[in-house]
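S.K.: Build me a model:
(one chain, ligands or ions: 1)
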Amino acid sequence: MILSVEIAEKRFGGRSILGPLAFTLDAGEILAIVGPSGCGKTTLLRIVGGLDPNYRGTVRWHGSAAPRMGTVFQAPRLLPWRTVRQNLDLVRPPGGDAAARDRLLERLGLAAARDAFASELSLGMARRLALARALVVEPDLVLLDEPFVSLDEAAAATARQVLLDAWRARPAAMLLVTHDLGEAASLADRILLLSRDPARVIDTVSVPAPLRRAGGPPALDLANTIRRRLGGPPAPHFLAGG
Ligand SMILES: Nc1ncnc2c1ncn2[C@@H]1O[C@H](COP(=O)(O)OP(=O)(O)OP(=O)(O)O)[C@@H](O)[C@H]1O
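M.R.: Sure, this is the predicted structure:
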């Protein structure tokens, strides 16, 4: 176990948003977090990332040193007055691999824009750059909040593959928030299913070995099993990966 999260309660104003809930993450494990819109997934990720200290509970990293963290939050949060390359170089570890940075830009379709200012990027480009920035950190822990939203399907498929390739080269622990069960099943080892009002863990689903981190569309029966646990109807379109 590399990360343990125990949240007794998180409130906004008078409202209880999260908890009690608990989960752990093994080193190199990809855990997807799925739940209804507005249930508190982003709030949970912000707590794990140390961006919201106002909760009752504990978030503990069990590594020997504090983790290097790569994050993709819903807003890309780039430095608009810096170029694409500069946005990456600011977080690249000393002695980090400039060729790896350039390969990431190439694969994410950003090589031609490498000297453009971040303010000049489209939202889809900015989100791809945010993913590159999370990976160029050489992270121990990656926090991803709907990282492929606002990419067209081809760009999203490439970005998922880039994420998996980065994981294979350096298996960081990852928390992936997504509303897309297909995406969760094609990227993760396990899927945490959350309820809402307040968010609690309904169930944890292990992704079967042949699908796990395969990056392809998931089997319909797995997506439907998960949907049933969430109380929803079967959805044939999950065959197409979401
Ligand atoms: N800063 C805030 N102040 C008050 N309430 C907030 C704040 N941030 C989030 N909330 C509320 O907390 C709840 C959980 O929000 P959160 O964004 O974590 O959900 P989510 O599951 O990530 O949503 P989505 O799937 O739509 O992205 C929502 O009801 C939201 O309105």
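
S.K.: can you tell me the average pLDDT over the longest strand anywhere in the chain?
M.R.: In the chain, assigned by DSSP state E, the strand with the most residues is strand 3-12. Strand 3-12 shows a mean pLDDT of 97.

S.K.: List of residues touching that strand?
M.R.: By CB atoms under 8 Å, 6 or more residues apart in numbering, the residues outside strand 3-12 that reach it are 16-25, 40, 43-44, 47-48, 52, 54-62, 141, 173, 198. Quick note: C-beta positions are derived from backbone N, CA and C, even for glycine.

S.K.: Now with 10 Å, please.
M.R.: Here strand 3-12 makes contact (CB atoms under 10 Å, 6 or more residues apart in numbering) with 16-27, 29, 31, 40, 43-44, 46-48, 52, 54-63, 67, 140-141, 173, 175, 198-200.

S.K.: Show only the entries of those residues found in helices.
M.R.: Among those, the members found in helices (DSSP state H) are 43, 44, 46, 47, 48.

S.K.: follow-up on the earlier one: quickly run through the sheet partners of the longest strand of the chain, with directions.
M.R.: strand 15-18 (antiparallel), strand 21-25 (antiparallel), strand 56-61 (antiparallel) (DSSP bridges).

S.K.: Check whether that strand comes near the ligand.
M.R.: Yes. Against the ligand, strand 3-12 shows contacts by CB under 6 Å from any ligand atom at residue 12.

S.K.: That strand: which residues count as buried?
M.R.: By neighbour count on 16 or more other CB atoms under 10 Å, the buried set for strand 3-12 is 3, 5, 7, 10.

S.K.: Show me where the chain has its helices.
M.R.: Using DSSP H, helices in the chain cover 41-48, 84-89, 98-107, 123-136, 153-169, 181-187, 220-230.

S.K.: Contact residues of this structure facing the ligand?
M.R.: Looking at the ligand, the residues of the chain close enough under CB under 6 Å from any ligand atom are 12, 17, 35, 37, 38, 39, 40, 41, 42, 43, 179.

S.K.: do you know how far the first one is from residue 52?
M.R.: I take that to be residue 12. Plainly put, residue 12 is 10 Å away from residue 52 if you go by CB to CB, to the nearest Å.

S.K.: so what's in contact with those two at the same time?
M.R.: residue 43.

S.K.: Just the buried ones from the residues of the chain next to the ligand?
M.R.: 17, 35, 39, 40, 41, 42, 43.

S.K.: so can I have CSV of the residues you listed showing pLDDT?
M.R.: Output for those, formatted as CSV (pLDDT from 0 to 100):
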residue, pLDDT
17, 96
35, 89
39, 93
40, 95
41, 95
42, 95
43, 97
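
S.K.: of those, closest to residue 91?
M.R.: residue 42 (21.3 Å; CB to CB).

S.K.: close enough to count as contact, the closest one and residue 175?
M.R.: No. When contacts are counted by CB atoms under 10 Å, residue 42 is not listed as touching residue 175 (11.4 Å).

S.K.: and the most centrally placed residue in the chain, what is it in contact with?
M.R.: The chain has residue 144 as the residue nearest its centroid, 2.2 Å off, counting by CA atoms, centre = their mean. The contact partners of residue 144, by CB under 10 Å, 6+ apart, come to 30, 32-33, 45, 70-73, 130-131, 134, 163, 174-178, 187.

S.K.: how does it look with 7 Å?
M.R.: Taking CB atoms under 7 Å, 6 or more residues apart in numbering, we find residue 144 in contact with 72, 174, 175, 176, 177.

S.K.: Likewise for residue 81?
M.R.: 117, 119 are the contacts of residue 81 under CB under 7 Å, 6+ apart.
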